[in-house]
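S.K.: Below is the structure, and that's it, no one-letter string:
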C-alpha cells in the first residue's frame with residue numbers, strides 16, 4: 001500500500017482493484033476504504049407531522065410579521081447580512 005490505511009491516497013486512481021470484505025471495499029494500492037453494505041438511514045414509516053396548536057401558530061405568524069416590519073422600517077436590504085442601507089440607496 002502506497003498511501004497507508006486511512007491516510008491521504010495521493011494521486012491513486014484506484015485502478016488496481018478493490019478487496020471486498022465484511023461490508024467494505026479497500027483499494028489494493030492505497031488502502032482507501034469504501035463502505036458497501038449500508039441501508040438508507042430512514043425509519044420504516046413516515047415520521048409524525050408536527051402541527052402547532054392554533055395559539056402557537058398565531059404567535060409564530062405575529063412574530064414573523066413583526067420581523068418583516070422591523071426589516072422594512074430599518075431599511076435593511078433583503079438577503080444581506082443586516083447591514084443598514086441608507087434611505088437613498090434602498091430599492092423602491
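M.R.: Good, I have the coordinates. Here the structure is a predicted model, which is why all the values come from computation and not from measurement. Residues are numbered from 1 along each chain as shown.
S.K.: okay, CA-based contacts and neighbour counts for the rest of this
M.R.: Will do.
S.K.: so what secondary structure elements neighbour the strand or helix carrying residue 64?
M.R.: For residue 64, the element it lies in under DSSP states H and E is helix 54-74. Of the remaining helices and strands, none touches helix 54-74 by 3 or more CA pairs under 8 Å, 6 or more residues apart in numbering; DSSP states H and E.
S.K.: quick one, phi psi at residue 34?
M.R.: phi -130, psi 130 (degrees, to the nearest 10).
S.K.: ditto for residue 35
M.R.: When read as degrees, to the nearest 10, the backbone of residue 35 gives phi -90, psi 130.
S.K.: do the same with residue 45
M.R.: Here is the backbone geometry of residue 45 (degrees, to the nearest 10): phi -130, psi 170.
S.K.: Under the pLDDT cut-off, which ranges of the chain? List them.
M.R.: 1-10, 39-43, 76-92 (pLDDT under 70).
S.K.: Do a quick rundown of the strands in it.
M.R.: Counting by DSSP state E, the chain has strands at residues 18-21, 24-27, 33-35.
S.K.: Just say which of those is most tucked in.
M.R.: strand 24-27 (a mean of 18; mean count of other CA atoms under 10 Å).
S.K.: Would you map out the domains in this protein?
M.R.: 1-38, 54-89 (automatic domain parsing).
S.K.: Next, the contact list for the closest residue to residue 27 other than its chain neighbours, please.
M.R.: In space, and not counting its chain neighbours, residue 27 is closest to residue 18: 4.6 Å by CA to CA, 6 or more residues apart in numbering. Under the criterion of CA atoms under 8 Å, 6 or more residues apart in numbering, the neighbours of residue 18 are 25, 26, 27, 28.
S.K.: Pretty sure the second one sits against residue 20.
M.R.: If I follow you right, that is residue 26. Yes: between residue 26 and residue 20 there is a contact under CA atoms under 8 Å: 6.6 Å.
S.K.: a markdown table please, covering the contacts of residue 18 and showing distance to residue 70.
M.R.: Formatted as a markdown table, the contacts of residue 18 follow (distance: CA to CA, whole Å):
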| residue | distance to residue 70 |
| --- | --- |
| 25 | 55 |
| 26 | 56 |
| 27 | 57 |
| 28 | 61 |
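S.K.: All good on my end, thank you.
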